[in-house]
Structures are given as structure tokens and as C-alpha cells.
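Novice: Turn this into a structure:
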Amino acid sequence: MLWVVIAAIVIGLVLAAGLAVVQNNELQSITPLKDFPVVSIDGTPTIDPATYVLVVDGTVQHRLALNLTELKALPSVTETEALRCVSGPTGRAEWTGVMLRTVLDMAGLNGSSMKVVFYSADGFTTDLNITESRLANVLICYQMDGVPLPPDQGFPVRIVVPDYWGYKWAKWVTHIEVVDFDYKGFWESRGWSDNALIAPPTDWYYHSILMTAAGVAGGVSGVSGVMNARWKKAGKPYFLNPRLHTYAGYAFVIFVVLVFVWWTNQIFFFRGSIFFTFLGRLGLGAVLLGVAGTFAGMSLNKDNERARWWHSAFTISGYALFVMAMVAGILLAF
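Specialist: Next up is the predicted model:
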């Protein structure tokens, strides 16, 4: 019995640690450019660097029109940060560019200024409020890992917003407009959260903790259930006290439901929808099968032997989907 519990705990901790590590900006390694996640709303636009001009206007005192040479002549900053997409993909790189607030100071903000809006060549827009736009680590970036931005990463200019979800990291930026109203960007106007800060309550660390608890409980319940059935058939004493097996099964279902509710709540908050990914569908399947297995197990506890096959099928399938969802989450985060 002891080795089963230890094995389940180790497996759960390893998988959850994987989730936590890949989401930790300080522990991630640099992602090769060829493997860096690519996300866009309409493919990769082509921009001629020789004619490129970044326009800064709106509620400012001085309209700016900076070409690449002028932009690169401004004081530069290099920082290593992770870009994280709400739907999972993550990449970490070394970014070089000009602090956004440097350019905003050159333009001079009017007292009525409320937001800074970024317009991209592919039609995408997003925004930051004035406080966010003046953070020291927010960059107008033109270089990635020591080379000019690759075309699919925003060449010639993108915005880098550390500690914020990826939809604030606008690519192919051609126009920055300071406005005096509550502008909503491409995704924000479609229900996504305008506050994209990755704070602890909205990060995946709690998700990892719940996944660990669910993985451990499910592992103990699943292995003990199989072994109890075999040992009972062989006339041996139970491998694990049936009551402990039942409690572990209940704990697994409770934690899986909590994981799913927490995850869907965060996804709905940031994206305005839930079941937009394969990962979400895996989670829903694990919840439904886990709950069904629990009800079948309750019937089995009442000496209804006909429920044994259904109990095993539902619980094993549910745990399998749960493990698949956990592994998929880790793979997406790399």
C-alpha cells in the first residue's frame, strides 16, 4: 500500500512541478526563435523597413513620426521576459527596445489622456492605461534574442508588456494613439478582460496545486481499486481498506471539479468564452466521467455488483483524460 501512495504522490508532484516551472518567468530557459509561439488574427503582414514610420499622436502635445533609424537611436533597454498566451503557449526571449514611456514623454501627454492604443498592420488593436504604459519594463521592441524581430514575431516593431497576458503584446505596430476615453481593443471589445495583469490569483500556480492534489488522490484511488478487485478475486485481504479507496475517489472528483471550475472561471474572465481549446474539452470530459464513476461507485457500495464494470470504466477513463489534460497543459506551456 505504501509504495502506491508514494508513487502517486511523486507522479502528481512531478507533473504539477512541471506546470509551475514552465509558468515561472525566472526558471524558464530562452525559447529558440523557431519554436517561439506564433499568434495572429490574420497571418503575418509584410512591412518594408525602409519606409516604416511609427506615428504617435492623439491627446499629446507633439505628434511624432519616427522611422526605424530614429527609434533605434533612442536609449535602449534589454530585458529577458516570458510571453504567455491565455490559451497556454509560452515563450521566453531577450527583448531589446525603447521604453514606451520615453516616447510618450517625447510626445508629452495632455492632462486628459486616459489610455494608450496600439494599432497593428494586420488590423489588431489593444491598449494600456496610462499607469501601465509608463511602467519601466514596457518596451517598444525592435530586437529579439540579439537579432531584428522575425516577421512572425512583429517585425519591425512590437510592444513588450512583461507580467501581462500575450494579447497586450501587440505586433507589427505602426501607430500609437493616446486617447481620453476608455478604448477597448480587438479582443477586449469581444469580451476579454481589459486588465490582463498576470497576478497570483489569476496565474496557473493555484491550478497546479489543485492538479497535484487531484493527481495524488486519483492515483491512489485508481491503483487501489484495480488491486482490491484482483486480490478479492484471488481470496486475499484487500490491498487497501475499501473506505480509504472510497475517500480517495471522492477527493479526486472534488479536486477535479475545483480545478475545472477555477480554470473555466479564469478563462472566461480573460477570454469571454470557455470551451475554445482541446484542453478545456479534456477537462470537461474528466469531470463528467469522474462524477459518473463516483455515482457508479456509490451504487457498488450498496452491493450492486452490476455497477462494478461501469465504476471501473468511468473512473479509469476520467483519470486518463485528467492526466492527458495535465500533460497537454505542460506541453502547451513550453
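Novice: those strands in the chain, which residues are they?
Specialist: Taking DSSP state E to define them, one finds strands in the chain at 53-58, 64-67, 77-84, 90-99, 115-120, 125-129, 139-144, 147-148, 158-160, 173-179.
Novice: Quick one, grab the pLDDT at the residue of the chain positioned farthest from its centre.
Specialist: Note on the chain: the largest C-alpha distance from the chain mean falls to residue 235, namely 49.1 Å (C-alpha atoms, centre = their mean). With respect to pLDDT, residue 235 scores 70.
Novice: do the same with residue 93
Specialist: 95.
Novice: Same question for the one 4 residues further on.
Specialist: Model confidence at residue 97, expressed as pLDDT, equals 98.
Novice: And it, how far from residue 106?
Specialist: 15 Å (C-beta to C-beta, to the nearest Å). Heads up, the C-betas are built off the backbone N, CA and C, glycines and all.
Novice: neighbour-wise, which of these two wins?
Specialist: residue 97 (25 against 15; other C-beta atoms under 10 Å).
Novice: show me the contacts for the more buried one.
Specialist: Residues in contact with residue 97 (C-beta atoms under 8 Å, 6 or more residues apart in numbering) are 76, 77, 139, 140, 141, 142, 143, 157, 160.
Novice: cutoff 6 Å now
Specialist: 139, 140, 141, 142 (C-beta atoms under 6 Å, 6 or more residues apart in numbering).
Novice: And the helices in the chain?
Specialist: 2-22, 68-72, 100-107, 130-133, 205-233, 242-271, 278-301, 307-333 (DSSP state H).
Novice: which stretch in these has the least confidence?
Specialist: helix 2-22 (a mean of 57).
Novice: any idea how far residue 296 lies from residue 250?
Specialist: Applying C-beta to C-beta to residue 296 and residue 250 gives a distance of 13 Å.
Novice: ugh, typo on my part, it should be residue 264
Specialist: From residue 264 to residue 250 the distance is 21 Å (C-beta to C-beta).
Novice: again with residue 59
Specialist: Relative to residue 250, and taking C-beta to C-beta, residue 59 is found at 58 Å.
Novice: what about these two, which has more around it?
Specialist: Legend: neighbour count by other C-beta under 10 Å for residue 59 and residue 250, higher for residue 59 (19 against 15).
Novice: Would you list the phi and psi of that one?
Specialist: phi -80, psi 60 (degrees, to the nearest 10).
Novice: Need the pLDDT of it.
Specialist: With respect to pLDDT, residue 59 scores 98.
Novice: what about residue 66, neighbour count?
Specialist: 21.
Novice: doesn't residue 54 make contact with it?
Specialist: Yes - counting by C-beta atoms under 6 Å, residue 66 touches residue 54, with 4.8 Å between them.
Novice: Show me how the chain divides into domains.
Specialist: 8-21+204-333, 28-192 (automatic domain parsing).
Novice: how about these in TSV, adding distance to residue 198?
Specialist: Shown next, in TSV, are the domains of the chain (distance: least, C-beta to C-beta, whole Å):
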stretch	distance to residue 198
domain 8-21+204-333	9
domain 28-192	5
